[in-house]
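[1] Test case, fold it:
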Amino acid sequence: LGDVYKRQAMAGSSVLVLAGALDVESWVATIVTWWGGDTLGVLIFTPMLLVWRLDRKQEWVNRRGSVTAVLIVTFGLAITAYGYVRTLDKTNVLLELEAISTDMAKELNLTLKAYLSILASQEGTFQSLERVTPEQFKTFSQVPLVEFPALKAVSWNTRFSHEQRPEIERTLRQYYGSGVEMTELSDEGKQVSASNQNEYVSVMMIEPLEENINALGFNVMSNPVRQEALDHARDLGKAVATGRIALVQADQDRYGVLIFRPHYKTGQSRDSTEDRRRAIQGYHTGVIDIEAMIRSLFPEIEATGIELQLLDLAARQNERLLYRSLPSESGDKAEIKSPQNTAFKLNPDWVYAINMPGREWELQAFARDSYIKQRLQKSGWEVLVPGLIITCLIGFLALLGTGRQLELKTTVDERTRELLSEITDRKVVEQA
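    Prediction:
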């Protein structure tokens with residue numbers, strides 16, 4: 001019988017592997033589980049089947065009830081204990097994942113705070129120096145660009161009027177050569193020569209220069225998303241981030257954000273909004289690659305059992321998605337373009353507020369079902385297997401015990417009938 005169940009387990013597990021429903025690594029464990037389940041099932045329910053095949057005499061009926069009750073109770077206790085242990089283990093796994101996701105949210109907040117401090121340090125340098133040259137800008141920009149690889153660029157964007165445009169263009173050509181000109185984005189999204197405007201906010205210095213040479217002279221205000229953030233930062237007197245933008249610095253299409261920190265003229269009042277509008281001199285700007293930031297913070301995210309989704313709740317519905325990871329089973333890299341990713345549950349397991357100035361970011365964490373199943377693959381077996389073995393033993397002991405009791409009762413009944421018959425015979429003899 002054991003060989004039959006073993007062959008069935010091997011055949012069934014092999015079919016699952018060939019069908020792709022089971023990993024090759026789990027083949028042996030599945031065979032053992034399958035064979036063990038069949039064997040224990042036979043051992044547990046054989047006593048019950050035996051007693052229910054007996055004659056329908058009252059004594060046999062009593063034996064059925066005793067054996068069946070004992071088996072059901074012990075089997076139920078084993079299954080209940082197994083379920084309790086699995087529930088407890090699942091709760092512990094979820095608590096572990098919650099702690100990991102909480103640490104992720106804290107680390108993300110700290111990293112964004114560090115990016116803001118870089119721009120604040122840049123502002124302090126500009127205020128301490130009477131005039132900053134591109135060489136000086138490159139020098140104090142090198143360290144943060146190396147330490148924070150997701151920081152794709154830092155720049156100084158100066159604000160000026162149309163009357164000051166010729167002077168700004170001369171300065172740009174003096175710094176970077178005669179080929180540099182003022183540019184803007186056209187309605188088709190192409191970079192073209194800048195048209196005449198009352199006010200400009202153009203990139204005067206940027207690092208790393210080689211990767212961002214085309215950004216020199218670009219009028220940041222020509223992009224509505226960026227202009228909104230510029231005006232907001234100017235009026236608040238604080239750093240403000242844009243909504244998501246497509247990064248030209250990235251190797252592939254993905255999203256990033258710009259952070260603008262306003263820089264005001266020294267000695268001028270900033271008490272009111274109007275004061276700040278008059279005193280604005282330019283903006284210290286950082287370009288952040290969101291995917292690179294999260295990947296640098298959590299390089300082993302696939303092994304944690306957590307999937308992340310970063311949203312900008314201040315943006316329009318179809319522009320909220322900033323980052324989304326995909327399950328590692330798919331073999332794909334993080335994908336942020338498809339909001340209809342069915343790998344995600346409808347509701348996140350944990351939600352965290354992320355402090356991004358001027359925006360309302362939310363980090364959503366999802367516990368991956370496949371990870372939980374893997375962690376719970378052996379959960380409860382240390383209780384279930386001994387419980388089922390004990391159920392088998394108790395079942396056979398109940399079968400033997402009730403059988404012995406029935407045998408004794410039968411013997412007593414037969415002896416009693418013999419004695420009664422003997423007594424009756426004696427009485428007949430005595431009366432004769």
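
[2] can you pull out the strands in the protein?
    151-161, 183-185, 191-193, 199-207, 240-241, 245-246, 255-264, 280-289, 306-312, 321-324, 350-354, 361-367 (DSSP state E).

[3] any idea which of those scores lowest on pLDDT?
    Lowest mean pLDDT of the strands of the chain: strand 245-246, a mean of 82.

[4] Contacts for that strand next, please.
    With CB atoms under 8 Å, 6 or more residues apart in numbering as the test, strand 245-246 has contacts from 225-226, 253-258. For every residue, glycine as well, the C-beta is placed using N, CA and C.

[5] tell me, what residue is most central in the chain?
    Nearest residue to the geometric centre of the chain (CA atoms, centre = their mean): Glu307, 1.9 Å.

[6] From Val412, how far out is it?
    71 Å (CB to CB, to the nearest Å).

[7] sorry, back to before: Asp369 is in contact with the residue nearest to the centre of the chain, correct?
    No: contact criterion CB atoms under 8 Å: Glu307 and Asp369 do not qualify, at 10.2 Å.

[8] overlap in contacts of the two?
    Contacts common to Glu307 and Asp369, judged by CB under 8 Å, 6+ apart, are absent.

[9] Walking through the stretch 301-432 of the chain, point out its helices one by one.
    369-375, 381-431 (DSSP state H, counting those that start in this stretch).

[10] returning to that earlier point: now the residue nearest to the centre of the chain, which residues is it bridged with?
    Listed beta-bridge partners, Glu307: Phe366 (assigned using DSSP bridges).

[11] which one's the longest helix in the protein?
    helix 58-128 (DSSP state H).

[12] got the angle between it and strand 306-312?
    50 degrees (axes from the mean of the first three to the mean of the last three CA atoms, to 10 degrees).

[13] if we can go back for a sec, closest one of the contacts of strand 245-246 to Glu211?
    Gly256 (13.4 Å; CB to CB).

[14] from what I can see the closest one touches Asp289, true?
    Yes: contact criterion CB under 8 Å: Gly256 and Asp289 qualify, at 4.9 Å.

[15] Give the rounded mean pLDDT of the longest helix of the chain.
    87.

[16] Equivalent analysis for stretch 397-406, please.
    The model assigns stretch 397-406 a mean pLDDT of 73.

[17] what's the answer for stretch 375-389, then?
    pLDDT averaged over stretch 375-389 gives 80.

[18] Pull up the distance across it, start to finish.
    24 Å (CA to CA, to the nearest Å).

[19] For the nearest residue to Ala233 once chain neighbours are set aside, which residues are in contact?
    Once flanking residues are discounted, Ala233 sits nearest to Val240: 3.9 Å by CB to CB, 6 or more residues apart in numbering. Listed by CB under 8 Å, 6+ apart, the contact set of Val240 reads 229-230, 232-233, 259-260, 357-359.

[20] and the gap between Leu258 and Val240?
    9 Å.

[21] Return every residue with contacts to both of those two.
    With CB under 8 Å, 6+ apart, Leu258 and Val240 have common neighbours Ala229.

[22] about what we covered before: Throw the contacts of Val240 into a markdown table and include distance to Val154, thanks.
    Output for the contacts of Val240, formatted as a markdown table (distance: CB to CB, whole Å):
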| residue | distance to Val154 |
| --- | --- |
| Ala229 | 16 |
| Leu230 | 16 |
| His232 | 20 |
| Ala233 | 16 |
| Ile259 | 10 |
| Phe260 | 12 |
| Pro357 | 16 |
| Gly358 | 18 |
| Arg359 | 19 |
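
[23] any idea which of those is the one closest to Met182?
    Looking across these and measuring by CB to CB, the closest to Met182 is Leu230, at 16.6 Å.

[24] any idea how far that closest one lies from Tyr283?
    6 Å.

[25] With neighbour numbers in mind, choose between those two.
    Counted by other CB atoms under 10 Å, Leu230 and Tyr283 do not tie: Tyr283 has more neighbours, with 28 against 24.

[26] show me what contacts that one?
    Contacts of Tyr283 by CB under 8 Å, 6+ apart are 156-157, 159, 201, 220, 230, 233, 260-263.

[27] now with 7 Å?
    Tyr283 sits next to 157, 201, 230, 233, 260-263 when contact means CB atoms under 7 Å, 6 or more residues apart in numbering.

[28] cool, Ser13 as well?
    22, 27, 30-31, 34 are the contacts of Ser13 under CB under 7 Å, 6+ apart.

[29] Many thanks, I have nothing further to ask.
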